[in-house]
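S.K.: predicted coordinates and the sequence they were generated for:
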Amino acid sequence: MKTKDLILNIAAQEFSKVGYDALSMNNLVKKLEINKATIYYHFKDKKSLYNEVIKNEIIRGNNNIKKIFDKKKDSITLFRDYFKAIVLTIKENPYLVALALREKANFGVNVDESFIPYIEEEIKYLQEIINNLTLKEKYKNMDIYAIHCLIYGTIESFYAIKMCNLPFANDNELKLNTDKTLDYIVDFISNIILDAMFEK
């Protein structure tokens with residue numbers, strides 16, 4: 001693994017555990033077992049490192065979503081594949097959920113407007129999928145960002161509960177099992193949203 005990729009990978013893990021403010025560059029250096037100058041060779045400061053971590057995850061997610069359009073599919077399959085793409089991104093980086101939830105809890109205080117094009121790209125894919133489905137009358141004027149938040153918020157919250165060591169959820173086969181939990185999310189949550197919002 002290239003040094004820059006290694007820094008991004010370990011930084012993603014550490015930011016997801018303690019958050020932006022609590023992670024010191026000195027602690028990151030210890031985790032990486034490299035000197036601080038090496039980090040600053042690749043990244044101007046902690047903020048630019050953090051932004052690169054977040055941007056990489058959004059781009060990774062967008063690339064996974066982009067791939068679901070490669071073959072012609074019916075609209076329901078495309079919608080389910082959208083969930084699969086989100087879940088694949090989490091499987092590729094299990095630290096993503098904690099990272100996303102931390103940043104959302106801070107109202108995006110550590111990111112800037114440079115992220116808007118990447119987020120808008122993901123919204124564009126969702127809008128394209130929604131355009132091929134028939135929304136129920138009461139949801140026809142629903143804001144696309146609300147639908148986006150409904151999907152991501154549900155996935156992230158459910159996953160966080162199932163991965164939590166505290167007894168928030170029944171101790172079943174999903175508990176602390178990343179793959180089973182994420183596969184369950186694809187079927188269960190996509191079906192709930194399809195049934196609730198769309199005409200069959």
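M.R.: That came in fine, so what should we check first? Numbers count the residues shown, from 1 in each chain.

S.K.: residue ranges with poor pLDDT in this structure?
M.R.: 167-176 (pLDDT under 70).

S.K.: quick one: the helices in it?
M.R.: In the chain, the helices defined using DSSP state H lie at 3-18, 25-32, 36-42, 46-67, 75-92, 96-105, 116-131, 144-163, 178-197.

S.K.: which one of those lies nearest to residue 137?
M.R.: helix 178-197 (10.7 Å; Cβ to Cβ). For glycine as for every other residue, the C-beta is placed from the backbone atoms N, C-alpha and C.

S.K.: can I get that closest one in PDB, CA atoms only?
M.R.: C-alpha atoms of helix 178-197 as PDB (Å, rounded to 0.1, in the frame of the first residue of the first chain):
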ATOM      1  CA  THR A 178     -21.200  -7.000   9.600                       C
ATOM      2  CA  ASP A 179     -22.000  -9.000   6.500                       C
ATOM      3  CA  LYS A 180     -25.300 -10.500   7.700                       C
ATOM      4  CA  THR A 181     -26.400  -7.100   9.100                       C
ATOM      5  CA  LEU A 182     -25.600  -5.300   5.800                       C
ATOM      6  CA  ASP A 183     -27.200  -8.000   3.600                       C
ATOM      7  CA  TYR A 184     -30.300  -7.800   5.800                       C
ATOM      8  CA  ILE A 185     -30.400  -4.000   5.500                       C
ATOM      9  CA  VAL A 186     -30.600  -4.300   1.700                       C
ATOM     10  CA  ASP A 187     -33.600  -6.600   1.800                       C
ATOM     11  CA  PHE A 188     -35.500  -5.300   4.800                       C
ATOM     12  CA  ILE A 189     -35.000  -1.500   4.500                       C
ATOM     13  CA  SER A 190     -35.300  -1.300   0.700                       C
ATOM     14  CA  ASN A 191     -38.600  -3.300   0.900                       C
ATOM     15  CA  ILE A 192     -40.000  -1.000   3.600                       C
ATOM     16  CA  ILE A 193     -39.200   2.100   1.600                       C
ATOM     17  CA  LEU A 194     -40.500   0.600  -1.600                       C
ATOM     18  CA  ASP A 195     -43.700  -0.500   0.100                       C
ATOM     19  CA  ALA A 196     -44.200   2.800   1.900                       C
ATOM     20  CA  MET A 197     -43.400   5.300  -0.800                       C
END
